[in-house]
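>>> Predicted model follows, preceded by the sequence.
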Amino acid sequence: MKKQIGFGSLCVQSPEEKRYTNPHQLPIYATSSFAFDSIEQGMDIFLGKQPGHIYSRFGNPTIDVVAEKVAQLEAHDSGLKCSGLLTSSGMSAISTLLLGLLKSGDGILTQGNLYGGTTALFRDVLQPLQINCFTTGLENLNEVESILRKQGNIRLLYYETPANPTLDCFDMAALAELGHKYNCSVVADNTFATPYLQQPLKHGADFVIHSTTKYLNGHGNSTAGAIVGRDKDLMGKAVLPKLKLLGTNCNSWDAWLLHNGLKTLEIRMERHCQNARKLAKWLEKHPEVEKVNYPGLETHPSHPVAKKQMKDFGGMLSFELKGGLEAGKRFMNRLRFCTLTPTLGDVDTLVLHPASMSHVSVPREARLQYGITDGLVRISTGIENIEDIIADVEQAIGSE
Ligand SMILES: Cc1ncc(COP(=O)(O)O)c(C=O)c1O
């Protein structure tokens, strides 16, 4: 009888995969590394002479196909052949990309009403590396051009449209044209809109980043990010090496959860938009409401630009009550159906107080300058029945 390997060895050995069936759903590759048939094959894969996986920090079959899917969605119907990478969070997508594109002495031009974490990253991580950040209202294109002309070191134009949490929208095509005129890479954070509502690459952006933690996943059960670039070579030479060295890669489980969420992106976004529009219109008419920020409202200053470049106006809105901060606090504490939580883009309705949560690291003066007031309340409108959302908001605003 042929001698078998020992009991303990049998326990340890990886079983041989049965390859005669095709999984209907994307499998999760829970492996940190990939074995080679020979040293020659390993060398060829390492040197990029033949395709293959090496180590999951560099890429993995589950992660890579989902990254590719996000890139295809951003490039859909554009003829562009983009390349995508998944990262461990939206913040790591931004830091990996910017550390890949910029060097000490370069500058960034952006808006003042960015996601607070991005503002803090530029200030606390990039500035100490002598990568300075200039901010202005990106709706003022003359001002944008004047800063780009005066500050000859600006190499990157970074925008978020609609902006978090004021929902201001900026002209993506005009910004890309200006950025390229002054030799800048143009980077868009498309987290709020998703490629279903707008595709910045079609409007000239060079890169798109996402916190996929939000709408792309949609169910609040994974933290990840994505970088999509229109130039595959540049992604391979400048961005992927930084991701490998910084270790900002996504993991298979979060990539798989993201993929699951992506399947319903279109129908979720349609419902998010429908519900947000109804809620914004309802809030606009409420006697206790001072102001509603929703680009779908014709009264919103960004309505024309949003209409020009978006398919619909998204699920995010923010508003202020007449009683300011006190009324806002009371409102949030009285919510029963909607959830008070610092994220957005999930299927359920989420409420956040930017001044004390997402923008707590932004100094008050800087916040106020860009409309992020103490009493501002942000709502990520979910896909529930709109009557239930409005009923909760109505009882929370109250009448006394
Ligand atoms: C617009 C935007 N970009 C980026 C981020 C950062 O994403 P993450 O929390 O996945 O790191 C957020 C987080 O709220 C965000 O709202």
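Good, I have the coordinates. Residues are numbered from 1 along each chain as shown.

>>> Show me what counts as buried in stretch 132-141.
Residues 132-135, 137-139 are the ones in stretch 132-141 that count as buried (16 or more other CB atoms under 10 Å). Bear in mind the C-beta positions are built from the backbone N, C-alpha and C, glycine included.

>>> Pick out the lowest-pLDDT one from the residues you listed.
Lowest-confidence member of the buried residues of stretch 132-141: Gly137, scoring 93 (pLDDT).

>>> Next, the contact list for it, please.
111-112, 143, 168, 370 (CB atoms under 8 Å, 6 or more residues apart in numbering).

>>> Need the max-distance pair from the buried residues of stretch 132-141.
By the measure CB to CB, Asn132 and Glu139 form the most distant pair in those, at 22.2 Å.

>>> tell me which parts of the protein are close to the ligand?
Residues of the chain found near the ligand (CB under 6 Å from any ligand atom) are 89-91, 115, 117-118, 160, 164, 189, 191-192, 211, 213, 223, 225, 358.

>>> Among those, which lie within helices?
In helices, defined here by DSSP state H, the members of those are 90-91, 117-118.

>>> doesn't Leu86 make contact with Thr212?
Yes: assessed by CB atoms under 8 Å, Thr212 is found in contact with Leu86 at 7.4 Å.

>>> domains for this protein, by residue range?
Per automatic domain parsing, the domain ranges recorded for the chain read 39-262, 265-397.

>>> Deepest-packed of these, please.
Per-stretch averages of neighbours, counted by mean count of other CB atoms under 10 Å, single out domain 39-262 among the domains of the chain, with a mean of 20.

>>> Ends of that one, what's the gap?
Domain 39-262 has an end-to-end distance of 38 Å (CA to CA, to the nearest Å).

>>> got a list of what the residue nearest to Arg155 when sequence neighbours are not counted touches?
Using CB to CB, 6 or more residues apart in numbering and skipping the chain neighbours, the partner closest in space to Arg155 is Asp106 (4.2 Å). Contacts for Asp106 (CB under 8 Å, 6+ apart) come out as 131, 153-156.

>>> And the pLDDT at the closest residue in space to Glu160 that isn't next to it in sequence?
Leaving aside its sequence neighbours, Glu160 sits nearest to Asp189 (CB to CB, 6+ apart; 4.2 Å). Looking at Asp189, its pLDDT is 98.

>>> if you skip the residues just before and after it, what's nearest to the residue of the chain found nearest the ligand?
Closest approach between the chain and the ligand, counting by CB to the nearest ligand atom: Gly90, at 2.3 Å. Leaving aside its chain neighbours, Gly90 sits nearest to Ser211 (2.5 Å; criterion: CB to CB, 6+ apart).

>>> What of Leu114?
Take Leu114 and drop its neighbours on the chain: the residue closest to it by CB to CB, 6+ apart is Glu160, 5.3 Å away.

>>> right, and the one you found touches Gln111 too?
Yes: the pair Glu160 and Gln111 passes the contact test of CB under 8 Å, sitting 6.7 Å apart.

>>> returning to what we had before: find the pair from the residues of the chain next to the ligand with maximum spatial separation.
Spanning the widest gap among the residues of the chain next to the ligand are Glu160 and Thr223, at 18.8 Å by CB to CB.

>>> all strands of the stretch 101-250 of the chain, in order?
107-110, 132-135, 154-160, 185-189, 207-211, 225-229 (DSSP state E, counting those that start in this stretch).

>>> and the angle from the fourth one to strand 225-229?
Between the axis of strand 185-189 and that of strand 225-229 there is an angle of 150 degrees, by axes from the mean of the first three to the mean of the last three CA atoms, to 10 degrees.

>>> quick one on the thing from earlier: lowest pLDDT pick from the contacts of Gly137?
Least confident by pLDDT among the contacts of Gly137: that is Tyr370, with 80.

>>> which residues does that one contact?
Contacts of Tyr370 were listed using CB under 8 Å, 6+ apart, and they are 111-113, 137, 166.

>>> repeat that for 7 Å
Shown in contact with Tyr370 (CB atoms under 7 Å, 6 or more residues apart in numbering): 112-113, 166.

>>> go on, Leu297?
By CB under 7 Å, 6+ apart, Leu297 lies in contact with 280, 284, 303.

>>> Ok, Asn221 next?
Leu257.

>>> CA atoms only: put the helix or strand bottoming out on mean pLDDT in the chain into PDB for me.
Least confident helix or strand, the chain: helix 364-369 with a mean of 85, by mean pLDDT, DSSP states H and E. Provided in PDB are the C-alpha atoms of helix 364-369 (Å, rounded to 0.1, in the frame of the first residue of the first chain):
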ATOM      1  CA  ARG A 364     -15.600  76.800  12.900                       C
ATOM      2  CA  GLU A 365     -14.600  79.900  10.900                       C
ATOM      3  CA  ALA A 366     -13.600  77.800   7.900                       C
ATOM      4  CA  ARG A 367     -16.900  75.800   8.200                       C
ATOM      5  CA  LEU A 368     -19.100  78.900   8.400                       C
ATOM      6  CA  GLN A 369     -17.400  80.400   5.300                       C
END
